[in-house]
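*Asks:* Predicted structure and sequence below. I'll ask about it afterward.
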Amino acid sequence: MTALADRVILISGASRGLGAALAPLLAREGAHLVLLGRTQGGLEETDDRVREAGGEATLLPLDLAEGDAVMRLGPSIYRRFGRLDGLVSCAAMLGQLTPVAHADPGWFRELLTINLLAAQRLLHTLDPLLRAAPAGRAVFVTDGVARAPRAYWGAYAASKAGLEALVKSYAAEVRKTALRVNLFDPGPMATRLRAEAFPGEAKDAQPSPAQVAPELLPLLLPSCRRHGEILCRQPAPAAPRA
């Protein structure tokens, strides 16, 4: 028996980046995956890797900005599977790196919708299923800029700071249940979001999502006892000097 046998786990942002890298790891542990993302093609590529790992997935092409569609997820998953054991919220957008005073209200609203409001909607619709699971687990991906804001990153930092406050509050509310809720800060990774922020950076300057994903995996195991924490990826130690 593998650690996640017969467990149903939903991953948002599963068409690329950390969500796509995590999916085959969970599949190898026996989980059935519900893969949520905006692009059908990206989800199918992730599904191919899940199948190569010996797993199965259900694909849900969905834009998290579509609030009503997000709110229907809980009933839909219950009708299909009768349960949900885990949630991994990876989806995020960077938006514009610009002075706070210059931020366009329209795209700032879109940024908050994807990075913050969608997380609350996911919790609203999935909370009954996660609480009912024998060992429910929820992980939300955050960013260190939430705790160390810097110039021109104000909008993105605010969205992630709001996410951390939201998730920590939720964790406090479910502390007496079997559900365990945490945040995961993967640090810099070679993702499309990173490339948008640092277009001149070499592609191999940062670890790939596949290198980082194994550090998130323990937070989804039934044996995990961490709760209400922000777990930051530990960078590889520097090579010793000759």
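*Replies:* Arrived safely.
*Asks:* which secondary structure elements does the lengthiest helix in the chain contact?
*Replies:* With DSSP state H setting the assignment, residue counts place helix 154-173 as the longest helix in the chain. When contacts are defined as 3 or more CB pairs under 8 Å, 6 or more residues apart in numbering; DSSP states H and E, helix 154-173 packs onto helix 105-112, helix 118-132, strand 180-185. Where C-beta positions appear, they are placed from N, C-alpha and C, glycine not excepted.
*Asks:* Which positions within the helix or strand hosting L43 qualify as buried?
*Replies:* Of the helices and strands defined by DSSP states H and E, L43 is found in helix 40-52. Neighbour-count burial for helix 40-52, counted by 16 or more other CB atoms under 10 Å, picks out G42, L43, T46, D47, R49, V50.
*Asks:* Could you list everything the spatially closest residue to D47 that is not a sequence neighbour pairs with in the sheet?
*Replies:* Computed as CB to CB, 6 or more residues apart in numbering, the closest residue to D47 that is not its neighbour in sequence is A57, at 5.0 Å. With DSSP bridges as the criterion, the beta-bridge partners of A57 are L33.
*Asks:* distance of A57 from K168?
*Replies:* A57 sits 30 Å away from K168 when distances are taken as CB to CB, to the nearest Å.
*Asks:* which one of these two has more residues nearby?
*Replies:* The residue with more neighbours, out of A57 and K168, is A57; 25 against 17, by other CB atoms under 10 Å.
*Asks:* Show me where this protein dips below the pLDDT cut-off.
*Replies:* Across the chain, the stretches falling below the confidence threshold (pLDDT under 70) are 1, 234-242.
*Asks:* center of it, which residue is that?
*Replies:* When CA atoms, centre = their mean is applied to the chain, the residue found nearest the centroid is C90 (2.1 Å).
*Asks:* S12 is in contact with that one, correct?
*Replies:* Yes. Contact status for C90 versus S12: in contact at 5.9 Å, counting by CB atoms under 8 Å.
*Asks:* about what we covered before: what is the nearest of the buried residues of helix 40-52 to D6?
*Replies:* Proximity of those to D6 was ranked by CB to CB; the top entry is V50 with 15.8 Å.
*Asks:* quick one, what contacts the closest one?
*Replies:* If you count contacts by CB atoms under 8 Å, 6 or more residues apart in numbering, V50 has them with A23, P24, A27, L33, L35, E56, A57.
*Asks:* How is the nearest residue to L97 once chain neighbours are set aside assigned, secondary-structure-wise?
*Replies:* Distances taken as CB to CB, 6+ apart put Y152 closest to L97, at 4.5 Å, once the chain neighbours are dropped. Reducing the assignment to helix, strand or coil with DSSP: H, G, I helix; E, B strand; the rest coil, the entry for Y152 is coil.
*Asks:* State the distance from Y152 to T98.
*Replies:* Taking CB to CB as the measure, Y152 and T98 are separated by 6 Å.
*Asks:* Please apply the same query to D6.
*Replies:* For D6, the distance to T98 (CB to CB) stands at 47 Å.
*Asks:* And for L163?
*Replies:* Counting by CB to CB, the gap from L163 to T98 is 20 Å.
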